[in-house]
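Trainee: Next input, structure requested:
(one chain, ligands or ions: 1)
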Amino acid sequence: MSNNGVSALVKAETALLPKVSCRRRDADGTPQADGGTPTSHPTTMKNILVLNGPNLNMLGIREPNIYGKQDYPTLVAFIQDAAAKLGLAVDVRQSNHEGVLVDWIQEALGKFDCIVINPAAYTHTSVAILDALKAVALPAVEVHLSDISAREPFRHISYAGMACRKTFAGHGFDGYRLALEYLTTL
Ligand code: DQA
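Mentor: Take a look at the predicted model:
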C-alpha cells in the first residue's frame, strides 16, 4: 500500500529494555532452558505471534486514504510470505476485543518466541495490553500502518509501545516485514 506521503517513523530501540534473545527451541518445541544461543545455522525456527487489533479486519474498506486499498486477508498473506522468506514461523491473529488480545498475549508464554503487535486503537488507550506485554516479557515489536506521530495528538501516545523494543509506523504493510526482519537479529 502507499503511505501517501506520510513520513515514516522508526522509534529507536528502547534503552531501558533488556537485550535478551528470542528463545530458541529444541526439536520438540521446548524452549531451551538457557534461552539458547543464536547461531548462523539455527536448527529451529523462531515462532512469532502477530496480533492485530480492532478494525484492522476492515482494511480496504476503512479510510483507504490512510490505510490503503488492500484488504485484511491480503495483509495476512503478506505477513506469511515475509515470514517464510525470513525463515520464521508466524501465527497471525486479529481481534476487535481488548480482553481477547490480552488473553492471546498471556497464552504466548511458552508457545511463541516473540510478538509483533499492531494494537490499532488500543495502542492509545490500553494499559491492559501494556501490562500483558510486560507480564510475558517476550521480545515485542509494535507496528502501525500509518505514521501515528503525524496524525491527531491522541494517537501520539502508545501504551503498548512502552513494552516494545521497536516501533515501525508509516510503512504500510512493509512495517510488518521490517518488524519480522528485526526479530531475526535478536
Ligand atoms: C493504526 C493506527 C491507530 O491509531 C488506529 O486506531 C488504527 C490503526 C495503524 O495501523 O496505523 O486502527 O494502528
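Trainee: which residue ranges form the strands in the chain?
Mentor: Defined through DSSP state E, the strands belonging to the chain, from first to last, are 9-11, 47-52, 89-94, 114-118, 140-144, 166-169.
Trainee: in the chain, which residue is closest to the centre?
Mentor: Residue closest to the mean C-alpha point of the chain, counted by C-alpha atoms, centre = their mean, is residue 116 at 1.7 Å.
Trainee: measure that residue to residue 47 for me?
Mentor: Distance of residue 116 to residue 47, computed by C-beta to C-beta, to the nearest Å: 12 Å. Backbone N, C-alpha and C define where each C-beta goes, glycine included.
Trainee: Stretch 51-69 and the ligand, any residue contact?
Mentor: Yes - using C-beta under 6 Å from any ligand atom, stretch 51-69 comes into contact with the ligand via residue 55.
Trainee: how far out from the middle of the chain is that stretch?
Mentor: Distance of stretch 51-69 from the chain centroid (C-alpha atoms, centre = their mean, to the nearest Å) equals 16 Å.
Trainee: Span of that stretch from start to end?
Mentor: Taking C-alpha to C-alpha, to the nearest Å, the first and last residues of stretch 51-69 lie 20 Å apart.
Trainee: for stretch 130-143, same thing?
Mentor: The first and last residues of stretch 130-143 sit 14 Å apart, counting by C-alpha to C-alpha.
Trainee: tell me which residues in it are buried?
Mentor: Going by neighbour count (16 or more other C-beta atoms under 10 Å), the buried part of stretch 130-143 is 130, 132-133, 136, 138-143.
Trainee: one step back: turn the strands of the chain into TSV, columns for mean pLDDT.
Mentor: TSV is the format used below for the strands of the chain (pLDDT from 0 to 100):
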stretch	mean pLDDT
strand 9-11	43
strand 47-52	98
strand 89-94	98
strand 114-118	98
strand 140-144	98
strand 166-169	98
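Trainee: circling back: so which of the buried residues of stretch 130-143 are also by the ligand?
Mentor: Taking C-beta under 6 Å from any ligand atom as the test, the ligand is in contact with none of those.
Trainee: Extract the CA atoms of stretch 100-117 and return them as CSV.
Mentor: Extracted in CSV, the C-alpha atoms of stretch 100-117 (Å, rounded to 0.1, in the frame of the first residue of the first chain):
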residue,chain,number,x,y,z
VAL,A,100,-9.0,-11.4,23.7
LEU,A,101,-5.8,-9.6,22.8
VAL,A,102,-4.7,-9.7,26.4
ASP,A,103,-5.5,-13.5,26.6
TRP,A,104,-3.5,-14.2,23.4
ILE,A,105,-0.5,-12.3,24.8
GLN,A,106,-0.7,-14.2,28.1
GLU,A,107,-1.0,-17.5,26.2
ALA,A,108,2.0,-16.7,24.1
LEU,A,109,4.3,-17.5,27.0
GLY,A,110,6.0,-20.8,26.4
LYS,A,111,4.5,-21.1,22.9
PHE,A,112,6.0,-18.2,21.0
ASP,A,113,9.4,-16.6,21.0
CYS,A,114,8.4,-13.0,20.1
ILE,A,115,5.4,-10.9,19.5
VAL,A,116,4.6,-8.4,16.7
ILE,A,117,1.6,-6.3,17.6
